[in-house]
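Colleague: Here you go, sequence then predicted model.
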Amino acid sequence: MNQDTQIARLQNVRKRYGAVTALDGIDLEVHRGEVLALLGPNGAGKSTSIAMLLGLQRPDVGSATLFDKDPQAIEARRRIGVMLQSATLPATLKVGELIRLTASYYPQPRSLMACAELAGVVDLLGRQYGGLSGGQQRRVQFAMAMVGGPDILFLDEPTVGMDIDARQSLWAAIRHMVSEGCAVVLTTHYLEEAEALADRVCVVAAGKVVSQGTVDALRAQVALRKIRCVTSVSETVISSWEGVASIEIHHGRKVIATADAEGVVRKLLAADYALSELEVQRAGLAEAFQEITRSTDTAKEAA
Ligand SMILES: Nc1ncnc2c1ncn2[C@@H]1O[C@H](COP(=O)(O)OP(=O)(O)OP(=O)(O)O)[C@@H](O)[C@H]1O
């Protein structure tokens with residue numbers, strides 16, 4: 001990726017709130033048309049990073065730019081769409097009114113119907129915002145985020161409170177925006193959301209980016225693989241084998257995490273001729289993420 005495609009950037013940003021260091025020299029870049037997922041534990045600094053890129057907070061040190069401008073510049077603000085974790089919207093306004101009002105701030109907004117269809121809120125247009133369920137309100141907030149036809153969408157935990165169907169349709173709407181060239185910065189605690197959507201993942205911990213890359217590259221950083229099988233070999237025996245990181249039982253199957261899948265499979269087959277339902281998988285993003293933040297914690301404790 002080169003500088004020409006870069007549309008948002010944090011450079012060595014530090015931010016303290018009293019005694020709390022929220023951002024500790026964070027560097028982040030967002031490129032045109034990409035989906036960047038920010039992952040990290042509670043309090044890692046994901047929302048503060050987004051607030052910096054939006055100009056809602058100012059860095060103590062370092063710089064934040066949006067389309068090469070100050071994030072508060074009106075030219076930059078007209079090109080963004082935002083869905084933050086907490087949105088306080090007037091409860092008595094109807095959904096259609098809210099979307100129309102938001103559209104009026106943008107020079108070339110989408111039509112109300114196109115936007116409502118994409119966000120799945122057509123049947124809610126005449127309803128008062130305050131009477132909607134949490135998941136419905138999130139869909140309306142998404143409609144408001146994209147009605148301006150933004151070049152970049154900031155979505156802070158967009159699918160919290162949504163059921164599986166609503167989540168899937170929001171993912172489809174996000175993919176649609178991306179297919180039109182819109183970049184997306186997404187924070188999420190749902191790893192499957194990052195796996196489903198993100199071109200690139202940044203793992204943030206203690207106000208810094210501790211790892212970044214494609215979902216596959218991040219997974220590859222973790223050598224662990226998971227072996228699942230039905231076997232009579234006991235947990236005690238398996239956990240005594242070299243290279244076995246953990247063993248659990250799920251629905252009658254043993255699930256073994258190991259960096260030496262071949263070696264462990266050989267031992268299993270030698271010990272249990274009747275072993276069945278054998279599967280070997282690479283670690284998912286969840287395991288990779290845990291492993292990366294755990295090794296960061298260990299490094300911090302050692303320092
Ligand atoms: N306005 C504020 N005043 C005081 N402390 C703040 C403020 N905003 C953020 N913080 C602190 O800064 C740190 C980073 O917070 P931030 O909300 O960015 O984390 P996050 O990664 O988004 O967490 P979560 O996953 O829980 O949303 C936390 O310790 C938080 O308590």
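Modeller: In hand now; what should we look at?
Colleague: Tell me the bridge partners for residue 65.
Modeller: For residue 65, the beta-bridge partners under DSSP bridges are residue 9.
Colleague: what do you get for the one 4 residues further on?
Modeller: Using DSSP bridges, the bridge partners assigned to residue 69 are residue 66.
Colleague: Next, count neighbours for it.
Modeller: Counted with other CB atoms under 10 Å, residues neighbouring residue 69 total 14. In short, each C-beta sits where N, CA and C put it, glycine included.
Colleague: surely residue 47 meets residue 154?
Modeller: No. Contact between residue 47 and residue 154 fails when scored by CB atoms under 8 Å: they sit 10.1 Å apart.
Colleague: Residues that sit against both of these two, list them.
Modeller: Counting by CB atoms under 8 Å, 6 or more residues apart in numbering, the shared contacts of residue 47 and residue 154 are residue 84.
Colleague: Those two: which is more packed in?
Modeller: Ranked by neighbour count (other CB under 10 Å), residue 47 and residue 154 place residue 154 first, with 25 against 19.
Colleague: how about that one, secondary structure?
Modeller: strand (DSSP: H, G, I helix; E, B strand; the rest coil).
Colleague: Hmm, it is touching residue 183, no?
Modeller: No. Using CB under 8 Å, residue 154 is not in contact with residue 183; the gap is 9.6 Å.
Colleague: Which residues does residue 228 form beta bridges with?
Modeller: Applying DSSP bridges to residue 228 gives these bridge partners: residue 255, residue 279.
Colleague: you'd agree it is up against residue 275?
Modeller: No. If you go by CB under 8 Å, residue 228 and residue 275 don't touch, sitting 11.1 Å apart.
Colleague: Which positions in this structure make contact with the ligand?
Modeller: Taking CB under 6 Å from any ligand atom as the measure of proximity, the chain contacts the ligand at 17, 20, 22, 40, 42, 43, 44, 45, 46, 47, 48.
Colleague: now, which of those lie within helices?
Modeller: Counting by DSSP state H, the part of the residues of the chain next to the ligand found in helices is 46, 47, 48.
Colleague: Could you chop this structure up by domain?
Modeller: What automatic domain parsing lists as the domains of the chain is 3-219, 223-282.
Colleague: closest to residue 289 out of the ones you listed?
Modeller: domain 3-219 (5.8 Å; CB to CB).
Colleague: Quick check: beta-bridge partners of the closest residue to residue 211 other than its chain neighbours?
Modeller: Leaving aside its sequence neighbours, residue 211 sits nearest to residue 203 (CB to CB, 6 or more residues apart in numbering; 4.4 Å). As for beta bridges, residue 203 partners with residue 39, residue 211 under DSSP bridges.
Colleague: give the contact list for residue 203.
Modeller: 39, 40, 209, 210, 211, 212, 218, 289, 292, 293.
Colleague: The second one reaches residue 205, doesn't it?
Modeller: Yes. Because the distance of 5.4 Å satisfies CB under 8 Å, residue 40 is recorded as touching residue 205.
Colleague: hey, what's in contact with both of the two?
Modeller: Common neighbours of residue 40 and residue 205 (criterion: CB under 8 Å, 6+ apart): residue 293.
Colleague: neighbour count winner among the two?
Modeller: Between residue 40 and residue 205, counted using other CB under 10 Å, residue 40 has the larger neighbour count: 25 against 22.
Colleague: need the contact list for the residue nearest to that one when sequence neighbours are not counted.
Modeller: Leaving aside its sequence neighbours, residue 40 sits nearest to residue 204 (CB to CB, 6+ apart; 3.7 Å). By CB under 8 Å, 6+ apart, residue 204 lies in contact with 26, 38, 39, 40, 44, 45, 46, 49, 210.
Colleague: For the fourth one, give me phi and psi.
Modeller: Dihedral pair for residue 40: phi 160, psi 160, per degrees, to the nearest 10.
Colleague: Report the contact partners of it.
Modeller: Applying CB under 8 Å, 6+ apart to residue 40 gives the contacts 46, 203, 204, 205, 293.
Colleague: Roughly how far does residue 187 sit from residue 257?
Modeller: Residue 187 sits 27 Å away from residue 257, going by CB to CB, to the nearest Å.
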